[in-house]
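Peer 1: From the sequence below, what's the structure:
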Amino acid sequence: MGLFDIFSKDKKESLDKGLDKTRTSIFSRLSKAVAGKSKVDSLVLDELEEILISSDVGVNTTIKIIERLEERVARDKYMGTEDLNRILKEEIMALLAENKGSQFSEIIEGDHSGPYVIMVVGVNGVGKTTTIGKLAHRFKTAGKKVVVGAADTFRAAAVDQITIWSTRAGVPIVSQGMGADPASVAYETMEYAVKNEVDVVIVDTAGRLHNKVSLMNELGKIKRVMQKVIPGAPHEILLILDGSTGQNAFEQAKQFTTTTEVNALAITKLDGTAKGGVVLGVSDQFNIPVKYIGVGEKMEDLQIFDREAFVQTLFKE
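Peer 2: Numbering: from 1, shown residues only. Modelled structure (predicted):
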């Protein structure tokens, strides 16, 4: 067994453990819904609708899934309950496949003319700082030169925390301390990246949902100063959401997608919740691909989102 096989095995085990609560919740209730029934009918679909909504898939996405299942039932005339898991997996994977963005491998293998810049947004408490540290570690492990910019200068502990995580990841950090102008930090980070021929830049931003106008102005200013040094930056605006908050994650996504051009999602803390359905709902409702998921506390537990592995694990008996 090679190193890649070991990593792949560890990843599967981590994902399996991380989704255990969600899988147990959905699958156990699904089993009860079809117990004693031979075919998928309107009663089974009603039960399934309730299960998906209560798993924080979201009403709109749940309705979309149920409608697709109804079409297949009508088309196939007879669908046994033993087919339900398979059909459900196929439809959910098809739904996730509709939202595609840049892949981690494309960043690693791509030929960018200059650094690839990621601006990270999200409220305090969602795991933003730890995600940045783990992401920096993942890029460095892939052989890329990485720098982190500490542009969340609003919260007292933010700069200290991001510094600790950058040290753990073994990557340099550009910081001006608490109270500094976030745009100034971003500008200095871009200059550092160009001067030192950095491959990937990860810039933290203030983790607070304040007035929409001021949020838009601040993020807009950061983007403008980035582009003065690196045209086209940021190439990715990554929104971090806490999967354990369920419907609150939808509200946070709504707030941030109306103020900035989010084009990638990271869903954290899935290992501690039965609300993993939020991964499906947020991606579908906001038409933004999920790029990373957090399924544990270790550096390696920030995983590149694999929709097929995710769905297979979610519905594994």
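Peer 1: Okay, now the unreliable bits of the stretch 151-300 of the chain?
Peer 2: 209-212 (pLDDT under 70).
Peer 1: quick one: the helices in it?
Peer 2: Along the stretch 151-300 of the chain, counting by DSSP state H, counting those that start in this stretch, helices occupy 158-169, 182-195, 212-229, 247-259, 278-286.
Peer 1: as a whole number, average confidence for stretch 60-67?
Peer 2: For stretch 60-67, the mean pLDDT works out to 94.
Peer 1: Next, the buried residues of it.
Peer 2: If you call a residue buried by 16 or more other C-beta atoms under 10 Å, then stretch 60-67 has these buried ones: 61-62, 64-66. For the C-beta atoms, the positions are set from N, CA and C on the backbone; glycine is no exception.
Peer 1: now stretch 81-101
Peer 2: 81, 84-85, 87-89, 91-92, 95-96.
Peer 1: Check stretch 142-150 too.
Peer 2: Neighbour counts over stretch 142-150 (16+ other C-beta under 10 Å) mark 144-150 as buried.
Peer 1: which secondary structure element contains the closest residue to R72 other than its chain neighbours?
Peer 2: Leaving aside its sequence neighbours, R72 sits nearest to I87 (C-beta to C-beta, 6 or more residues apart in numbering; 6.0 Å). Assigned by DSSP states H and E, I87 belongs to helix 84-97.
Peer 1: so how far is that helix from its chain's centroid?
Peer 2: Relative to its chain's centre, helix 84-97 lies at 19 Å (C-alpha atoms, centre = their mean, to the nearest Å).
Peer 1: swap in stretch 50-58?
Peer 2: For stretch 50-58, the distance to the chain centre is 19 Å (C-alpha atoms, centre = their mean).
Peer 1: Could you work out the end-to-end span of that stretch for me?
Peer 2: For stretch 50-58, the first-to-last residue distance is 10 Å (C-alpha to C-alpha, to the nearest Å).
Peer 1: Stretch 277-293 too?
Peer 2: The straight-line separation of the ends of stretch 277-293 (C-alpha to C-alpha) is 12 Å.
Peer 1: Mind listing what's buried along it?
Peer 2: Residues 277-286, 288-293 are the ones in stretch 277-293 that count as buried (16+ other C-beta under 10 Å).
Peer 1: Neighbours of S38, how many?
Peer 2: Number of residues near S38 (other C-beta atoms under 10 Å) recorded here: 10.
Peer 1: Quick check: phi and psi at it.
Peer 2: The phi/psi pair for S38 (degrees, to the nearest 10) reads phi -100, psi -20.
Peer 1: Same check on K269?
Peer 2: According to degrees, to the nearest 10, K269 has phi 60, psi 30.
Peer 1: before we move on, what about Q176?
Peer 2: Q176 adopts backbone torsions of phi -120, psi 10, taken as degrees, to the nearest 10.
Peer 1: and it, what does it touch?
Peer 2: When contacts are counted by C-beta atoms under 8 Å, 6 or more residues apart in numbering, Q176 touches 150, 153, 184-185, 188.
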